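[1] model the structure of this input:
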Amino acid sequence: MAYTSIDDPTLYFNTKLYTGNGSSSHAITGVGFQPDWVWSKSRSNATEHNGFDSVRGATEQLYISADFAESTQTESLKSFDSDGFTLGTRSDMNGSSVTYASWNWKANGAGSSNTDGSITSTVSANTTSGFSIATYTGNNTNAQTIGHGLGVAPKVYIIKRRDSTSAWGMYHGSLGANKYLQLESTNAEATDTGIWNNTAPTSSVLSIGNAGYFNNASGGTYVCYAFAEKKGFSKFGSYVGNGSTDGSYIHLGFKPAWVMVKQTDEARDWLLMDNKRLGYNPKSYDLHPNTSDIEDTNDRMDLLSNGFKQTTIGSANNKSGATYIYMAFAENPFVTSTGVPTTAR
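    Have a look, this model is predicted:
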């Protein structure tokens, strides 16, 4: 029985903590690979979540926690390196003595042209880990498709307009093709049959609406991050909270390294936890991707050998009867391809 195709998830996703030094060339090493998407946040200062990827290019900054347009920041993330990345002097990425968390995904470099969709995209895809980055230009025409390069249908994708103020729109398979969430917002799920053209993604393309939405304005430039489930490495689903300190348990089939959840039926903060910040149950720290807030311990969960479990009654992750979606990536598969089990932390 094949438990997983990825025995070492840290080759494709890894959390790297670091402390800034304010220099113009601060090399962050220890990621374990050359990252293609770097998401960084100050833990100790109230600054925005930052995003950089290899398709848009180093120095091209997007605030994940805000709807601002892309900007070129030459002293932000200056390069993607073989074992991490190099930073400049910007205080939101590299303030002296400031602590940071970075979450790093591996795609496939700068990308290449993809003509699978009705709109040509530039795609960097890692079919092993189920992650791709695509950029494209909108055409204000309804019922368009974008190639994603994964070879299987993604369960989640997030689209952001680059050249103008716009939401971070998320498709999540648990919600269906007529609903969306906004990563930078507390908003509950919204229903709109046009946003994804009411069409689920296929093994080659995802569908978008017209310029009445955030993903296809004429001449608008966009980036899309797409994720397919891979057994033992990633899982994207939903659960219902029970409002108890003996909270809901969500089975993943792996020991999680990173979990993000969002209540869908009410306006609530997003919640993000990883296995490196403090790093043991039940004291792990959380951050909120829709705010600039520093990390806190208000909404805890236990990261277990084969899933995660809620341990607070907080509304951000475990309100009784509330519905939540999640994204999760592995530290270790529950059982490797050779039958070796993992253990809880």
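[2] contacting residues for residue 68?
    Residues near residue 68 by CB atoms under 8 Å, 6 or more residues apart in numbering: 62, 165. For the C-beta atoms, the positions are set from N, CA and C on the backbone; glycine is no exception.
[3] what distance do you get for it to residue 230?
    Applying CB to CB, to the nearest Å, one obtains 32 Å for the distance of residue 68 from residue 230.
[4] what do you get for residue 83?
    For residue 83, the distance to residue 230 - CB to CB - is 23 Å.
[5] do residue 43 as well
    29 Å.
[6] these two: which is more packed in?
    Higher neighbour count among residue 43 and residue 230: residue 230, with 25 against 16, using other CB atoms under 10 Å.
[7] could you find the closest non-adjacent residue to that one?
    Leaving aside its sequence neighbours, residue 230 sits nearest to residue 130 (CB to CB, 6 or more residues apart in numbering; 4.5 Å).
[8] so that neighbour makes contact with residue 150?
    Yes: here residue 130 lies in contact with residue 150, judged by CB atoms under 8 Å, at a distance of 6.0 Å.
[9] which residues are in contact with both of the two?
    Common neighbours of residue 130 and residue 150 (CB under 8 Å, 6+ apart) are residue 228.
[10] ok, now which ones touch the closest residue to residue 297 other than its chain neighbours?
    Distance criterion CB to CB, 6+ apart; nearest residue to residue 297, sequence neighbours excluded, is residue 285 at 5.8 Å. Contact analysis of residue 285 by CB under 8 Å, 6+ apart lists 43, 273, 277-278, 295-297.
[11] now, the residues you listed that are in strands?
    Residues of the contacts of residue 285 located in strands (DSSP state E): residue 273.
[12] quick one: secondary structure of residue 195?
    Secondary structure, DSSP: H, G, I helix; E, B strand; the rest coil: residue 195 is coil.
[13] where's it relative to residue 209, distance?
    For residue 195 relative to residue 209 (CB to CB), the value is 5 Å.
[14] find the residues that touch each one of the two.
    Taking CB under 8 Å, 6+ apart as the criterion, residue 195 and residue 209 both touch residue 215.
[15] so the two - more neighbours on which side?
    Between residue 195 and residue 209, counted using other CB under 10 Å, residue 195 has the larger neighbour count: 24 against 21.
[16] where does that one land on pLDDT?
    pLDDT for residue 195: 92.
[17] follow-up on the earlier one: buried ones among the contacts of residue 285?
    Burial by neighbour count, 16 or more other CB atoms under 10 Å: within the contacts of residue 285 this picks out 43, 273, 277, 295.
[18] need the max-distance pair from those.
    43 and 273 (12.4 Å; CB to CB).
[19] give me the common contacts of those two.
    285, 287.
[20] residue 77: neighbouring residues, count only.
    The tally of other residues near residue 77 (other CB under 10 Å) stands at 27.
[21] now do the helices in the stretch 51-200 of the chain.
    Taking DSSP state H, counting those that start in this stretch as the criterion, the stretch 51-200 of the chain carries its helices at 91-94.
[22] what residue ranges in it score low on pLDDT?
    Within the stretch 51-200 of the chain, not a single segment meets pLDDT under 70.
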